[in-house]
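Peer 1: For reference, the sequence and a predicted model appear below.
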Amino acid sequence: MDSISRHEQLLRVFHLIDILFGARQPLTTAELKAQLQARGVIDEMSEKNIRRDVEFLGRFGYAVKESKKRSPRGLNVQAWSIQPGRGAVELIAPPITLPELLSLAVAREFLTPLAGTIYWRGIEQVMNKLESVATTRLLDYVAEHQEGLVVHPKPATAKYRSRTLNAVHRAIRNAQELEIRYTSLADQKPRKSTVRPEALVLYDGAVYIAAYRVPPAKASSAIRRPAKAAEAAIRFFKLDRVADARVTSRTFPRHPVPVGELLADSITIYRSHEAPRRYRIRVEPERARWAIEKPFHPRQKIRRQPDGGVILDIERAWDGEMIPQLLGLGASVEVLEPLDIRDRLAEAAAAIVDRYAGRPRRMVSATPASG
């Protein structure tokens with residue numbers, strides 16, 4: 001049996017388990033076939049092959065019981081059932097369907113950045129329930145033939161301190177201000193900040209706290225001064241750079257705009273206190289398909305050009321996020337507006353040329369790399 005046929009059989013088997021667990025009475029092969037078709041698992045298949053799938057369950061430890069049942073034509077035909085708590089293996093009906101659990105088993109690769117969070121513990125608990133639905137031999141069979149899925153680059157399995165995690169979750173849930181010690185890329189050691197956390201954000205294999213900075217109180221007064229525009233903008237604190245977190249007794253009103261909506265205009269998780277601007281970008285034919293499929297910007301509007309290129313109209317974007325992205329695409333893109341961004345990109349390009357053209361390569365230090 002080739003790989004595709006094997007995967008098709010496994011899909012049918014997983015649905016058969018779910019169907020048989022949910023049935024109130026034994027089902028004939030014709031009834032099993034009808035339910036598989038209703039679920040979109042098969043188009044057409046002989047009842048002989050369905051009987052083989054049912055026998056497959058028995059070989060892998062499921063307590064499948066064969067009996068007789070009268071068909072609509074009045075004939076006695078084979079019928080099948082799984083009786084929880086009886087037979088070869090003590091089983092209980094699954095709280096959710098087996099295909100859902102097995103899909104989670106595959107998707108688990110994408111969720112490793114959540115290791116250490118309450119979400120990961122929940123995933124682990126759901127995965128443990130899989131053992132009550134699938135026998136060890138069947139799970140081994142699935143693992144042996146699970147092919148064709150590669151996650152690259154593989155997310156780092158971050159391990160977050162439970163004390164820090166509990167504080168962050170409690171502050172988000174109860175809308176309480178959070179005091180953190182945080183080391184940014186520009187810092188050598190942690191700095192103390194007070195923030196108002198709104199949510200956790202999973203981005204590019206890492207977990208971030210989406211929060212607003214709280215302006216420090218004046219020395220002579222406990223009243224906080226008005227926030228500057230830079231402080232009023234949402235910030236993203238990488239969780240593994242948080243050295244410590246402590247929940248305060250001070251509560252705050254949640255921001256009227258949800259974090260997900262704030263990120264809708266961003267390519268990454270960039271936000272700025274400056275107002276976003278309209279961009280119009282021409283993408284050359286060799287990069288056009290990539291810009292459409294990726295997409296380059298989540299809210300881009302596309303205008304195809306006769307030469308195979310495209311014009312991207314982006315109503316809201318931030319200069320600080322767009323410029324690095326555009327420089328990375330080099331000569332494959334041309335900014336049509338804003339006009340001042342054309343000048344800034346030209347200056348950056350000239351600086352790059354000056355760095356490399358006609359200049360000798362810098363000597364590399366012989367100091368061994370750390371780590």
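Peer 2: Nice, I can see it.

Peer 1: Could you give me the buried positions within the strand or helix carrying Arg246?
Peer 2: For Arg246, the host element (DSSP states H and E) is strand 242-251. Buried residues in strand 242-251, counted by 16 or more other Cβ atoms under 10 Å: 242, 245, 247. No exception for glycine: its C-beta is placed from N, CA and C like everyone else's.

Peer 1: ok, and for the following helix or strand past that strand, which residues are buried?
Peer 2: Next along the chain after strand 242-251, taking DSSP H and E as the criterion, comes helix 259-262. For helix 259-262, burial by neighbour count (16+ other Cβ under 10 Å) applies to 259, 262.

Peer 1: Show the average pLDDT along helix 259-262.
Peer 2: Regarding helix 259-262, the rounded mean pLDDT is 90.

Peer 1: neighbours of the closest residue to Tyr119 other than its chain neighbours, just the number please.
Peer 2: Leaving aside its sequence neighbours, Tyr119 sits nearest to Leu111 (Cβ to Cβ, 6 or more residues apart in numbering; 7.7 Å). Number of residues near Leu111 (other Cβ atoms under 10 Å) recorded here: 15.

Peer 1: on that earlier part again, just put the buried residues of strand 242-251 in TSV and tack on pLDDT and distance to Pro306.
Peer 2: Converted to TSV, the buried residues of strand 242-251 look like this (pLDDT from 0 to 100; distance: Cβ to Cβ, whole Å):
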residue	pLDDT	distance to Pro306
Val242	94	52
Ala245	95	56
Val247	96	60
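
Peer 1: circling back to that earlier point, quick one: the strand holding Arg246 to chain centroid distance?
Peer 2: 27 Å (Cα atoms, centre = their mean, to the nearest Å).

Peer 1: Quick check: neighbours of that strand in the sheet, parallel or antiparallel?
Peer 2: Applying DSSP bridges to the sheet, strand 242-251 is found paired with strand 176-182 (antiparallel).

Peer 1: For the partner strand, C-alpha coordinates in CSV please.
Peer 2: Extracted C-alpha coordinates of strand 176-182, given in CSV (Å, rounded to 0.1, in the frame of the first residue of the first chain):
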residue,chain,number,x,y,z
GLN,A,176,-4.4,44.8,36.9
GLU,A,177,-1.2,46.8,36.4
LEU,A,178,2.0,44.7,36.2
GLU,A,179,5.4,45.6,37.4
ILE,A,180,8.1,43.9,35.3
ARG,A,181,11.9,43.8,35.1
TYR,A,182,12.6,43.7,31.4
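
Peer 1: distance of Phe237 from Asn174?
Peer 2: In this view, Phe237 and Asn174 are 18 Å apart by Cβ to Cβ, to the nearest Å.

Peer 1: More neighbours: these two, which one.
Peer 2: Phe237 (22 against 9).

Peer 1: so the more buried one touches Thr183, yeah?
Peer 2: No: using Cβ atoms under 8 Å, Phe237 is not in contact with Thr183; the gap is 10.0 Å.

Peer 1: CA-only coordinates of the longest helix anywhere in the chain in PDB, if you can.
Peer 2: Secondary structure of the chain per DSSP state H: the longest helix is helix 3-22. C-alpha atoms of helix 3-22 as PDB (Å, rounded to 0.1, in the frame of the first residue of the first chain):
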ATOM      1  CA  SER A   3       1.700   6.400   1.400                       C
ATOM      2  CA  ILE A   4      -1.400   8.100   0.000                       C
ATOM      3  CA  SER A   5      -3.500   5.000   0.300                       C
ATOM      4  CA  ARG A   6      -2.300   4.400   3.800                       C
ATOM      5  CA  HIS A   7      -3.200   7.900   4.900                       C
ATOM      6  CA  GLU A   8      -6.600   7.600   3.300                       C
ATOM      7  CA  GLN A   9      -7.200   4.400   5.200                       C
ATOM      8  CA  LEU A  10      -6.100   6.000   8.500                       C
ATOM      9  CA  LEU A  11      -8.500   8.900   7.900                       C
ATOM     10  CA  ARG A  12     -11.400   6.400   7.300                       C
ATOM     11  CA  VAL A  13     -10.400   4.400  10.400                       C
ATOM     12  CA  PHE A  14     -10.400   7.500  12.700                       C
ATOM     13  CA  HIS A  15     -13.800   8.500  11.400                       C
ATOM     14  CA  LEU A  16     -15.100   4.900  11.900                       C
ATOM     15  CA  ILE A  17     -14.000   5.000  15.500                       C
ATOM     16  CA  ASP A  18     -15.900   8.300  16.000                       C
ATOM     17  CA  ILE A  19     -19.000   7.000  14.200                       C
ATOM     18  CA  LEU A  20     -19.100   3.700  16.100                       C
ATOM     19  CA  PHE A  21     -18.600   5.400  19.500                       C
ATOM     20  CA  GLY A  22     -21.500   7.700  18.800                       C
END
